[in-house]
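Peer 1: Coordinates for the following, if possible.
(chains A, B, C and D)
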There are 2 protein chains.
Amino acid sequence: MVTLAEVAQHAGVSASTVSYVLSGKRSISANTRQRVERSIRELGYHPNAGARALASSRSNIIALMVPLRTDMYVPVMMEIAIAVATTARTHGYDVLLLTGEEGPDAVRRVSGSGLADGMILMDVELDDERLPLLRDGGAPGRAESGVGDDQPAVLIGLPADTTGLTCVDLDFKATGALCVEHLATLGHRDVAVIGEAPAVYERHTGFAERTLDGLRSRGRELGLRLLHRPCEGGYDAMAATLARILDERPGTTGFVVQNESAVEPLLALLRQQGRAVPEDVSVVAICPEQVAVQASVRLTSVAIPAQEMGRHAVEQLVAKLDGRGGDEVVLLAPELTVRASSGPAPVQ
Amino acid sequence: MVTLAEVAQHAGVSASTVSYVLSGKRSISANTRQRVERSIRELGYHPNAGARALASSRSNIIALMVPLRTDMYVPVMMEIAIAVATTARTHGYDVLLLTGEEGPDAVRRVSGSGLADGMILMDVELDDERLPLLRDGGAPGRAESGVGDDQPAVLIGLPADTTGLTCVDLDFKATGALCVEHLATLGHRDVAVIGEAPAVYERHTGFAERTLDGLRSRGRELGLRLLHRPCEGGYDAMAATLARILDERPGTTGFVVQNESAVEPLLALLRQQGRAVPEDVSVVAICPEQVAVQASVRLTSVAIPAQEMGRHAVEQLVAKLDGRGGDEVVLLAPELTVRASSGPAPVQ
DNA sequence: ATAGGTTGTCGAAGCGCTTCGACAGCTTTC
DNA sequence: GAAAGCTGTCGAAGCGCTTCGACAACCTAT
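Peer 2: Numbering: from 1, shown residues only, chains lettered A, B, ... in the order given. Next up is the predicted model:
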């Protein structure tokens, strides 16, 4: 293991000079800098992370807490995680992967031990247990949580109460609104919403409820008749759900699908029943681009901008860590792309 | 920030005593231990990770390098990553998430800086650039790589040359063999293999080639006629591939699918062409369980034991870090589960 | 009773880095 | 031409922990 001191000796300068070359926190003459850089290269020096963290009380690590369950949106989660890791590196940070398993304890552990400088939380519930630990010392007094030095954090997702929190998310309410608008414009009156698995709603995951809110309130304004049904992924569950929907509202011509693992089953079932897409029924999905273009019918969809969310979250967090306070809540505007799965409602 | 010294003072003992209570490396009287533990609880003490790493030259962190690309097996990757994180925690380790982007440099950086105690690499290519950095100081002399103190590592996947490396993987050769055996037993003679995207083969990812090897050699023994076609995911690509296959071998009655994003398109296309599954054609998939049971036809499949691979990898690595050298190469035995997508070959 | 073990605790050194204050040698300013 | 300000470098303190050797206090075996 090469140390700072060895580099210093090799370059004929003091240790502090090498440190300043590395950090750029004091000016160094071009000459000295070059000698030091050369020594660093020749000796293959890498600063020791532990020593650095100890001396500077900065670990240059961001913790990312991903959901443990894999019952939804796996590709989205993965894409976010990778975007976070990649973006973090461009800012000189590494990423520590935490699972939701430990819950609030993980937050305490990481923040107490100085393992990470800040954290990014995914899969935030409306009233998440971890939030009290993250709010910056706002209203309820100091000793509210035990984490005195508030842990800089960014949420991907939106809890019920965002005071004192920084959040990044797709604007799911606008997303819902956009979907029904599109269908309404095409003349559809009876629209069914294939939602996430019931468990997702029971958990009070914000995005599912916000989407529904957007769908409903805009749907009402536009005079649509909306039927919402949660649905587990897979063919069988979708078959049952579809049967119920068509039983209740035989005139349904528009579908909004939020559960990506219900998309392909739905298309197959519709085909099987002789309902042509988009001639007889239109389908709008809320899903990653890739799913939309790879489906058996190219789907009209609102994309979930996973990468952008990950990138944004990191940038907000880095801004916080640098003392530049970022915005509080960033909602990314949804974009609907028209593809081959939606068209004018059939004349009755 | 509570420090060791504060805990020591609060408990009326010396700092080293507290340290020994924490590490258990020396015996401590029950009385003292309890006093110290009480102080730790009352003060909410968490050892500082940096200081600990510096003093002990152990970070208690495992680095996990995931592929940057998301062109294949995303759910598998995610499941492995989560299993790694979860298992690591049970051994007192945290997980650092690295993307393949940095390549060999990431290995050098992490191992040089002491950021992690060991690493787990996924998506290993047959002749991976990162391997020379990981082989323990074997044949080619000391200065072979620049990483003198060899970085303990475990690969998930199998490179061409495994000397000096610890690897965990599904036995893909046996997997391929198992698939053709199943089809042969059912009386199928003409079998088509829907492979991964061409890029996966060009990259010389071990598992794809090993599967093919197993399929071919066992297929030959059983007297099958095998046709292998790489295939991008999605409906259009699958349609083109299927057309070519049926054009070339109209008598094809068996399919082995390795690309999970080709599964559903294939089923849809077969249905569309009036070929019933499993009456007219049989389909065997190599995919995670979840995909197999959620498909529109419950698929006969060989499962990819993602969780088990992740868990195994961590356990091997922890064993290495504890000085108990693990096995060198662990190949998990494949298991074929018969479901509704395979049946006797039609009589011609 | 005495030499030799155990057991439980402490003090101090040191891990490799950052950072503060000091200062030598300049240049600028009136 | 002295005061004031830069610039570039160094030495030393210290970050919070682990770990080694020392040693008091006790417990055996002779």
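
Peer 1: distance of the residue of the stretch 151-300 of chain A found nearest DNA strand D from B:Asp94?
Peer 2: Nearest residue of the stretch 151-300 of chain A to DNA strand D (C-beta to the nearest atom of the strand) works out as A:Gln151 at 16.5 Å. Backbone N, C-alpha and C define where each C-beta goes, glycine included. From A:Gln151 across to B:Asp94, the span is 16 Å (C-beta to C-beta, to the nearest Å).

Peer 1: Quick check: A:Val284 touching A:Ala292?
Peer 2: No: using C-beta atoms under 8 Å, A:Val284 makes no contact with A:Ala292, being 9.9 Å away.

Peer 1: the more surrounded of the two?
Peer 2: A:Val284 (29 against 24; other C-beta atoms under 10 Å in any protein chain shown).

Peer 1: Per-residue pLDDT of that one, please?
Peer 2: Listed pLDDT for A:Val284 reads 98.

Peer 1: Within the helices and strands, which one has it?
Peer 2: Assigned by DSSP states H and E, A:Val284 belongs to strand A:282-287.

Peer 1: Can you say which helix or strand has the spatially closest residue to the residue of the stretch 151-300 of chain A closest to DNA strand D that is not a sequence neighbour in it?
Peer 2: Once flanking residues are discounted, A:Gln151 sits nearest to A:Ser111: 4.0 Å by C-beta to C-beta, 6 or more residues apart in numbering or on different chains. A:Ser111 belongs to helix A:104-113 when assigned by DSSP H and E.

Peer 1: how about that helix: buried residues?
Peer 2: A:106-113 (16 or more other C-beta atoms under 10 Å in any protein chain shown).

Peer 1: what does that helix rub up against?
Peer 2: A:63, A:65, A:96, A:98, A:102, A:115-116, A:119, A:129-130, A:133-134, A:146-147, A:149, A:151, B:2, B:44-49 (C-beta atoms under 8 Å, 6 or more residues apart in numbering or on different chains).

Peer 1: Any idea how far it is from the middle of the chain?
Peer 2: Distance of helix A:104-113 from its chain centroid, counting by C-alpha atoms, centre = their mean, to the nearest Å, is 21 Å.

Peer 1: what does the average pLDDT come to for that helix?
Peer 2: Helix A:104-113 shows a mean pLDDT of 94.

Peer 1: quick one: is the next helix or strand after that helix near chain B?
Peer 2: With elements assigned by DSSP H and E, the helix or strand that comes after helix A:104-113 is strand A:118-121. No: Strand A:118-121 lies out of reach of chain B by C-beta under 8 Å from any C-beta of the partner chain, never closer than 11.5 Å.

Peer 1: helices or strands next to strand A:118-121 in the packing?
Peer 2: strand A:61-66, helix A:104-113, strand A:153-156, helix A:306-321 (3 or more C-beta pairs under 8 Å, 6 or more residues apart in numbering or on different chains; DSSP states H and E).

Peer 1: Can you tell me which of these is nearest to A:Gly219?
Peer 2: helix A:306-321 (25.8 Å; C-beta to C-beta).

Peer 1: Enumerate the residues of the stretch 51-200 of chain A near DNA strand D.
Peer 2: By C-beta under 7 Å from any atom of the strand, the residues of the stretch 51-200 of chain A that approach DNA strand D are A:51, A:54-55, A:57.

Peer 1: ok, now with 10 Å
Peer 2: Within reach of DNA strand D by C-beta under 10 Å from any atom of the strand, the stretch 51-200 of chain A has these residues: A:51-57, A:112-114.

Peer 1: Now for the residues you listed: which two are most distant?
Peer 2: Once C-beta to C-beta is applied, those give A:Ala51 and A:Gly112 as the farthest pair, at 20.1 Å.

Peer 1: Would you map the helices across the stretch 51-200 of chain A?
Peer 2: Counting by DSSP state H, counting those that start in this stretch, one finds helices in the stretch 51-200 of chain A at the ranges A:74-90, A:104-113, A:172-185, A:198-202.

Peer 1: Please compute how far the third one lies from its chain's middle.
Peer 2: In terms of C-alpha atoms, centre = their mean, the gap separating the centre of helix A:172-185 from the centre of its chain is 21 Å.

Peer 1: What are the buried residues along that helix?
Peer 2: A:172-184.

Peer 1: Would the helix or strand where A:Thr32 lies count as contacting chain B?
Peer 2: Using DSSP H and E, A:Thr32 maps to helix A:30-43. No: judged by C-beta under 8 Å from any C-beta, helix A:30-43 makes no contact with chain B; its nearest approach is 10.4 Å.

Peer 1: What helices and strands are in contact with that helix?
Peer 2: Here helix A:30-43 is seen to pack against helix A:4-11, helix A:15-23 when contacts are counted using 3+ C-beta pairs under 8 Å, 6+ apart.

Peer 1: Need those in JSON lines (columns: mean pLDDT and mean neighbour count).
Peer 2: Converted to JSON lines, those look like this (pLDDT from 0 to 100; neighbours: other C-beta atoms under 10 Å in any protein chain shown):
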{"stretch": "helix A:4-11", "mean pLDDT": "96", "mean neighbour count": "18"}
{"stretch": "helix A:15-23", "mean pLDDT": "96", "mean neighbour count": "18"}
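
Peer 1: Stretch A:303-323 and DNA strand C, are they touching?
Peer 2: No: applying C-beta under 10 Å from any atom of the strand, one finds stretch A:303-323 out of contact with DNA strand C, separated by at least 13.1 Å.

Peer 1: gap between that stretch and the chain center?
Peer 2: 9 Å.
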